[in-house]
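Q: Need coordinates for the following:
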Amino acid sequence: MSVFAGNVTYPNAGSIRDLLKITPMDRLLVETDAPFLSPQSKRGTQNEPANVVETATFIADFLGKSFEEIDKLTTQMH
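A: Residues are numbered from 1 along each chain as shown. Below is the predicted model:
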């Protein structure tokens, strides 16, 4: 399993995004890591579970997929 939190959205997170590019979709996990690692737009504030939507949206855009596709992939039971 490869776990991605809000820090994947940081401008200097190229190495994290490189890992994201090669992560098999059935091994993708998106989490908040609350109270740490808020997404870039909320950086410097306490992270909370609701922010996982922003992180998943970023990941979807980065991978050229829809949010719905990432949502389904990361919430189904394996």
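
Q: who touches the host helix or strand of Ile59?
A: Secondary structure assignment for Ile59, by DSSP states H and E: helix 52-63. Contacts with helix 52-63, where a contact means CB atoms under 8 Å, 6 or more residues apart in numbering, come from 4-6, 8-9, 17, 20-21, 28, 30-32, 39, 41-42, 66-67, 69-71, 74. Using the backbone N, CA and C atoms, a C-beta is placed for each residue, glycine as well.

Q: please redo it, this time with the cut-off set to 6 Å
A: Contacts to helix 52-63, defined as CB atoms under 6 Å, 6 or more residues apart in numbering, come from residues 6, 9, 30, 32, 39, 66-67, 70.

Q: what mean pLDDT does it have?
A: The pLDDT scores in helix 52-63 average 97.

Q: Buried residues, the following helix or strand past that helix. List them.
A: Helices and strands here follow DSSP H and E; after helix 52-63, the next one along the chain is helix 67-75. By neighbour count on 16 or more other CB atoms under 10 Å, the buried set for helix 67-75 is 70-71, 73-74.

Q: go on, stretch 17-34?
A: Buried residues in stretch 17-34 (16+ other CB under 10 Å): 17, 20, 23, 28, 30-34.

Q: I'd like these written out as TSV, with secondary structure and pLDDT added.
A: Putting those into TSV (DSSP: H, G, I helix; E, B strand; the rest coil; pLDDT from 0 to 100) gives the following:
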residue	secondary structure	pLDDT
Arg17	helix	98
Leu20	helix	97
Thr23	coil	97
Leu28	strand	95
Val30	strand	96
Glu31	coil	94
Thr32	coil	89
Asp33	coil	89
Ala34	coil	91
